[in-house]
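Enquirer: Following is a predicted model, sequence given first.
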Amino acid sequence: MTASSSLAAKQRPEFLVALALAAGPVVALGFTRFAYALLLPAMREKLHWSYAAAGGMNTANALGYIIGAATAAWWSRRFGSGKAFVWGIVISALTLLASGATDDFAGLTVLRFIGGLSTAVTFVVGSALASRVHSGGQQARSASLVGMYMAGVGIGVVLSGVVVPAALTAWGASGWQAGWLLMGLLALLAIGPAAWAARQVPEQATSGAAHGGRAGLKPLTPLFVWYVLFGAGYVSYMTFVIALLHSQGMKVWGTGTFFIVLGAASAAATLLVWGRVIGRLRGGTAPALVSAVVLIGVLPVLLWHGMGAAIASAIIFGGSFMAGPTAVTVLARRMLPAHAWTLGIALLTVAFSVGQAVGPLISGLLSDSSGGIAKGLWLSVVLLAVSAAVALVQRERTAEHHHQEAPTAAPAPSAVQR
């Protein structure tokens with residue numbers, strides 16, 4: 001066997017492992033987190049919810065996500081990364097199935113909370129697993145495999161964009177329950193490949209330094225503030241944009257097409273564009289650019305009606321919103337010593353989750369006022385604009401001993417913890 005064929009043989013299993021790990025974000029983000037936007041108009045109609053109630057449902061999900069993000073490292077240490085990852089998917093699948101079996105508001109709120117917690121554990125631990133798939137020293141290779149894992153988010157959005165409209169077409173507004181159930185069944189199918197992939201990645205010992213104090217994080221303060229604002233701005237759009245399109249007269253398959261395009265743009269841009277762009281920018285320029293592009297992606301559906309505006313919004317927003325977590329991780333890795341990567345990115349993830357908890361609730365309250373749902377979505381524009389300005393305050397300095405990563409140090413979560 002030649003050297004090149006030997007390398008190809010080694011890379012093929014890595015490719016398959018990363019692809020199978022992507023089943024985690026398919027379920028955790030594509031189904032459990034983002035598909036709620038597709039189901040929201042039908043759920044509001046059948047269950048007589050206000051927009052504030054609908055936003056509160058997603059706030060419960062985000063609160064669960066905060067707890068999951070804050071405790072993901074503990075679950076990983078307590079049970080092992082592989083088991084924590086797989087059981088997170090199992091719990092997410094069960095919450096999807098249970099969401100289709102009840103119309104009780106309190107019950108659905110609890111399920112959204114549990115789903116948020118399991119989603120965060122799955123995604124954060126899966127990100128760490130993906131970062132360890134490649135054991136060699138090729139940074140570009142490792143980054144591409146992590147990008148493949150992250151593309152699972154877009155794939156999940158595409159799948160939900162097919163499954164949910166199909167359920168609503170077959171059963172009308174009552175099909176919201178079938179939508180949850182169908183995604184739950186697909187989530188169960190994802191457990192097998194995810195479990196196989198998790199077994200292919202060896203556990204890694206954790207050094208005490210990786211879980212040390214918060215020293216050295218102060219220079220990242222503007223980035224923390226940016227992440228809260230960015231999280232609140234982007235998730236307000238993701239929660240209510242389908243309801244806005246529905247209020248503008250768009251039918252079920254129109255909103256489904258929007259969601260499919262958004263997911264496809266996310267998967268493609270994550271793999272092909274943003275990693276290279278962000279790697280060339282310094283300081284807070286990359287987060288500011290991401291906020292600006294995401295803001296532009298929100299505007300078409302607010303300024304114009306129709307499928308053209310919706311598709312433009314889906315392409316621009318979908319192709320950029322996942323770049324926020326990527327920019328955060330790249331900057332944190334540059335500015336923190338290797339032993340502080342896990343702690344720094346975990347705390348940044350919590351900040352992101354706080355924004356995602358607050359944003360939908362405030363946006364929902366605004367949507368219930370005289371300005372309607374469009375007024376609520378203008379909150380996204382304001383928050384993203386402010387976040388861009390805050391990001392520009394961030395300065396970059398290179399951490400000492402940045403490249404000296406101890407062999408026993410826990411790997412940093414991937415560039416895309418959300």
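Expert: All right, it came through fine.
Enquirer: Let me see the contact set for S247.
Expert: By CB atoms under 8 Å, 6 or more residues apart in numbering, the contact list for S247 reads G372, I373. (Glycine included, C-beta is placed from N, CA and C.)
Enquirer: what's the spacing between it and T270?
Expert: 30 Å (CB to CB, to the nearest Å).
Enquirer: do the same with G192
Expert: 24 Å.
Enquirer: for A323, same thing?
Expert: 8 Å.
Enquirer: With T221 instead?
Expert: 27 Å.
Enquirer: before we move on, what about V252?
Expert: Taken as CB to CB, the span from V252 to T270 is 27 Å.
Enquirer: When those two are compared, which one has more neighbours?
Expert: Set side by side, V252 and T270 show more neighbours around T270, with 27 against 20, by other CB atoms under 10 Å.
Enquirer: quick one: which helix or strand includes that one?
Expert: Per DSSP states H and E: T270 is located in helix 252-272.
Enquirer: buried set for that helix?
Expert: Buried residues in helix 252-272, counting neighbours by 16 or more other CB atoms under 10 Å, are found at 252, 254-267, 269-270.
Enquirer: which residues of the chain score low on pLDDT?
Expert: Residues of the chain meeting the criterion pLDDT under 70: 1-12, 134-143, 204-216, 338-343, 398-418.
Enquirer: quick one, longest helix in it?
Expert: helix 139-171 (DSSP state H).
Enquirer: Remind me what it packs against, helices and strands.
Expert: Judged by 3 or more CB pairs under 8 Å, 6 or more residues apart in numbering; DSSP states H and E, the packing partners of helix 139-171 are helix 3-21, helix 23-25, helix 36-47, helix 105-131, helix 176-200, helix 252-272.
Enquirer: okay, the angle between the helix holding T270 and helix 36-47?
Expert: 160 degrees (axes from the mean of the first three to the mean of the last three CA atoms, to 10 degrees).
Enquirer: ok, the spatially closest residue to G256 that is not a sequence neighbour - contacts?
Expert: Of all residues not flanking G256 in the chain, P165 sits nearest, at 3.3 Å (CB to CB, 6 or more residues apart in numbering). By CB under 8 Å, 6+ apart, P165 lies in contact with L38, V252, W253, T255, G256.
Enquirer: these two touch, right, L244 and K375?
Expert: No - using CB atoms under 8 Å, L244 is not in contact with K375; the gap is 10.4 Å.
Enquirer: more neighbours, these two?
Expert: Remark: of L244 and K375, L244 carries more neighbours, 23 against 15, as counted by other CB under 10 Å.
Enquirer: which element is the more buried one on?
Expert: Short version, using DSSP H and E: L244 is in helix 221-247.
Enquirer: now that helix against helix 139-171, angle please.
Expert: Using the same axes, to 10 degrees, helix 221-247 lies at 30 degrees relative to helix 139-171.
Enquirer: Distance from the chain centre to helix 221-247, please.
Expert: 12 Å (CA atoms, centre = their mean, to the nearest Å).
Enquirer: And it, what's buried?
Expert: So, applying 16+ other CB under 10 Å, buried residues of helix 221-247: 222-246.
Enquirer: ok, now stretch 380-394?
Expert: So, applying 16+ other CB under 10 Å, buried residues of stretch 380-394: S380, V381, L383, L384, V386, S387, A388, V390, A391, L392, Q394.
Enquirer: need the contact list for the fourth one.
Expert: Going back to what we said before, that points to L384. So L384 contacts L229, F230, G233, Y234, S291, A292, V294, L295, V298 (CB under 8 Å, 6+ apart).
Enquirer: Just give me the closest of those residues to L366.
Expert: G233 (13.1 Å; CB to CB).
Enquirer: What is the neighbour count of W171?
Expert: Neighbours around W171, by other CB under 10 Å: 14.
Enquirer: ok, it touching A178?
Expert: Yes - contact criterion CB under 8 Å: W171 and A178 qualify, at 5.6 Å.
Enquirer: and for those two, which residues touch both?
Expert: With CB under 8 Å, 6+ apart, W171 and A178 have no common neighbours.
Enquirer: Dihedrals phi and psi, V393?
Expert: Main-chain dihedrals, V393, degrees, to the nearest 10: phi -70, psi -20.
Enquirer: how about the helices of the stretch 301-418 of the chain, start to end?
Expert: Under the criterion DSSP state H, counting those that start in this stretch, helices of the stretch 301-418 of the chain are mapped to 307-318, 323-335, 341-367, 372-391.
Enquirer: now for the shortest one, which elements pack on it?
Expert: Using 3+ CB pairs under 8 Å, 6+ apart as the contact criterion, the neighbours of helix 307-318 among helices and strands are helix 221-247, helix 252-272, helix 285-303.
Enquirer: Can you lay out those helices as JSON lines showing distance to V124?
Expert: Below are the helices and strands packed on helix 307-318 laid out as JSON lines (distance: least, CB to CB, whole Å):
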{"stretch": "helix 221-247", "distance to V124": "15"}
{"stretch": "helix 252-272", "distance to V124": "17"}
{"stretch": "helix 285-303", "distance to V124": "20"}
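Enquirer: And the ones you listed: which comes nearest A346?
Expert: helix 221-247 (12.2 Å).
Enquirer: how many degrees apart are that closest one and helix 341-367 in direction?
Expert: Using the same axes, to 10 degrees: helix 221-247 against helix 341-367 is 40 degrees.
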